[in-house]
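Novice: Fold the following.
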Amino acid sequence: MAGSIVTTVTEVARNLIKYSIAWTADGSGNVNSNPIALRHGRLSQIKFVPTNGGTQPSNGYNVSLPDADGVDLLAGQGQNLSNTAAKLCAPVIGGVSPALFPYFVEDQTAINPTITGAGANANGRIDLYIGPI
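Specialist: Purely as a prediction, here's the structure:
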């Protein structure tokens, strides 16, 4: 797998950081390219946008954000995504929804955005919002 990602980091409010991860799949419909480092804080919201002004992904594509230990920061919420509708969600810890305590991100946690089943050269965006502890 390869594909590519471009990450833009923005402070959208005091101590609330938005990581906007624009991705483009390779010819096999997959992305697994460069890890990115996140600042410490609480992962409070995630948004999946199925196209970023280019080729629409296949319906049912999958997104995961594994950390160095292989734990998916999305807790499985990035599976079987729609190719036409954006999805907004919050972390689910231990199967409880809404989350009682959003996922804690340690300083400089490296995650590796991984997309599968998106279709050749498809693209989209993942927005992560990390707030204060």
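Novice: and the residue lying closest to residue 36 once chain neighbours are set aside, what does it touch?
Specialist: Nearest non-adjacent residue to residue 36, counting by Cβ to Cβ, 6 or more residues apart in numbering: residue 7, 5.1 Å away. (Each C-beta comes from the backbone N, C-alpha and C, glycine too.) Taking Cβ atoms under 8 Å, 6 or more residues apart in numbering, we find residue 7 in contact with 19, 20, 21, 22, 36.
Novice: Relative to residue 20, how far out is residue 7?
Specialist: Separation of residue 7 from residue 20 (Cβ to Cβ, to the nearest Å): 7 Å.
Novice: which residue ranges form the strands in this protein?
Specialist: Assigned by DSSP state E, the chain shows strands spanning 4-13, 16-24, 31-32, 36-38, 41-49, 62-64, 87-89, 104-105, 109-111, 114-116, 123-131.
Novice: ok, of those, where does mean pLDDT dip lowest?
Specialist: Among the strands of the chain, strand 104-105 carries the lowest mean pLDDT, a mean of 73.
Novice: Pipe the contacts of residue 7 into a markdown table and attach neighbour count and distance to residue 64 per row.
Specialist: A markdown table is the format used below for these (neighbours: other Cβ atoms under 10 Å; distance: Cβ to Cβ, whole Å):
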| residue | neighbour count | distance to residue 64 |
| --- | --- | --- |
| 19 | 22 | 15 |
| 20 | 17 | 18 |
| 21 | 22 | 12 |
| 22 | 18 | 17 |
| 36 | 17 | 14 |
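Novice: of those residues, closest to residue 117?
Specialist: Taking Cβ to Cβ as the measure, residue 117 lies nearest residue 21 of these, at 17.4 Å.
Novice: burial count for the residue nearest to that closest one when sequence neighbours are not counted?
Specialist: Once flanking residues are discounted, residue 21 sits nearest to residue 126: 4.4 Å by Cβ to Cβ, 6+ apart. A total of 22 residues lie near residue 126 under the criterion other Cβ atoms under 10 Å.
Novice: If anything else comes up later, I'll come back, but that's it for now.
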